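**Q** my questions are about this predicted structure, shown below with the sequence.
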Amino acid sequence: MDCHKVGRLIHSLRIEKNMTQRNLADLMHISDKTISKWERGLGCPDVSLLSELSNILGVNIEKILLGDLDPNEQDKGNMKKLNFYACPGCGNVTTSMGAMGISCCGRILEPLLAQPENDEHEITVHAIEDDHFVTIQHEMSRDHYISFVAYVSYDRLMFVKLYPEQAAELRFPNMQGGTLYAYCNRHGLWKHEIIKHGARRVS
C-alpha cells in the first residue's frame, strides 16, 4: 500500500465532500492530526478503520487501498455498452452504460450475457397501432419466471418489471428498431432483435 497515493485520494475525496479534516476526524472518532498524517503520506489508515472510512467517503475499500479510483474513459458510456445485472440473492436488478463494479447481498455481480432466444425462451412481437405487443410463452411460477423485459434503442431504455403469477406480456411504444431483452431467473438473459416497422432481424 502506497501511503502517499492513499493520502492524496483521501484528501481529494474529503474536499469533494466539502469536509474539513476536523469534520472527517469527528465522524470517525479520531483526531484531525491522524487525518493530516494520512493525507501527507506519513502513514496509512489502520485496517480496522477502512470500513468506516469507505462508508463516509463513498468509495470501495479496495480503491482506498490502491489510492486510485481508476475512472472510466470519459464520454464512453453509451447504449451500445448497456449491461444488465441481477442479484441471485434478492432479485434486485440494475443497469450500466459501461464498466462498473456492482455488488448486492454481499456478492459481486457480473454483467448478464444475452443469448439469442430459443424455443424455451421465445419472444413474440406484434405491431399494434404505434406499439409493440410482446408475449413470452414462459412459466410464471414463484420459482421460475421472467423477471423483467427491457426494450433498448440507440438512445433510450424502457424497462418493465414482471412478477410471478402474472402473464409474461406487455406493450412498448415502437421505437423504430432496437433490441428486446427478457431475463429468466433460472436461465439468464435472452434477446430478440427488432428492425424498423417491427420486422424481425435474424441473429
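**A** Structure's in. What do you need?
**Q** mind saving the C-alpha coords of stretch 178-197 as PDB?
**A** Output in PDB follows, covering the C-alpha atoms of stretch 178-197 (Å, rounded to 0.1, in the frame of the first residue of the first chain):
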ATOM      1  CA  GLY A 178     -33.800  -1.900 -31.200                       C
ATOM      2  CA  THR A 179     -33.400  -5.000 -29.000                       C
ATOM      3  CA  LEU A 180     -35.700  -6.700 -26.600                       C
ATOM      4  CA  TYR A 181     -34.200  -8.400 -23.600                       C
ATOM      5  CA  ALA A 182     -36.000 -10.800 -21.300                       C
ATOM      6  CA  TYR A 183     -34.500 -12.200 -18.100                       C
ATOM      7  CA  CYS A 184     -35.400 -15.600 -16.800                       C
ATOM      8  CA  ASN A 185     -34.500 -16.100 -13.100                       C
ATOM      9  CA  ARG A 186     -33.200 -19.600 -13.900                       C
ATOM     10  CA  HIS A 187     -31.700 -19.400 -17.300                       C
ATOM     11  CA  GLY A 188     -30.400 -15.800 -17.700                       C
ATOM     12  CA  LEU A 189     -30.800 -13.100 -20.300                       C
ATOM     13  CA  TRP A 190     -32.400 -13.600 -23.700                       C
ATOM     14  CA  LYS A 191     -32.600 -11.200 -26.600                       C
ATOM     15  CA  HIS A 192     -34.800 -10.500 -29.700                       C
ATOM     16  CA  GLU A 193     -33.700  -8.100 -32.400                       C
ATOM     17  CA  ILE A 194     -36.200  -5.700 -33.900                       C
ATOM     18  CA  ILE A 195     -35.700  -3.600 -37.100                       C
ATOM     19  CA  LYS A 196     -37.900  -0.800 -38.300                       C
ATOM     20  CA  HIS A 197     -41.600  -1.500 -38.900                       C
END
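**Q** contacts for that stretch?
**A** 84, 86, 91, 93, 112-118, 120-121, 123, 125, 127, 132, 134, 136, 138, 144-154, 168, 172, 176-177, 200-203 (CB atoms under 8 Å, 6 or more residues apart in numbering). (Each C-beta comes from the backbone N, C-alpha and C, glycine too.)
**Q** of those residues, which belong to strands?
**A** 84, 86, 93, 115-116, 123, 125, 127, 132, 134, 136, 146-152, 172 (DSSP state E).
**Q** and the contacts of stretch 178-197, which are buried?
**A** Neighbour counting with 16 or more other CB atoms under 10 Å marks 84, 86, 91, 93, 112, 114, 117, 121, 123, 125, 132, 134, 136, 138, 145-153, 168, 172 as buried within the contacts of stretch 178-197.
**Q** excluding chain neighbours, what is closest to Arg8?
**A** What sits nearest to Arg8 in space, not counting adjacent residues and going by CB to CB, 6 or more residues apart in numbering, is Gly67, at 6.7 Å.
**Q** I figured that neighbour was touching His11, is that so?
**A** No - if you go by CB atoms under 8 Å, Gly67 and His11 don't touch, sitting 10.7 Å apart.
**Q** does Ile128 touch Arg171 like I think?
**A** Yes - applying CB under 8 Å, one finds Ile128 in contact with Arg171, separated by 7.3 Å.
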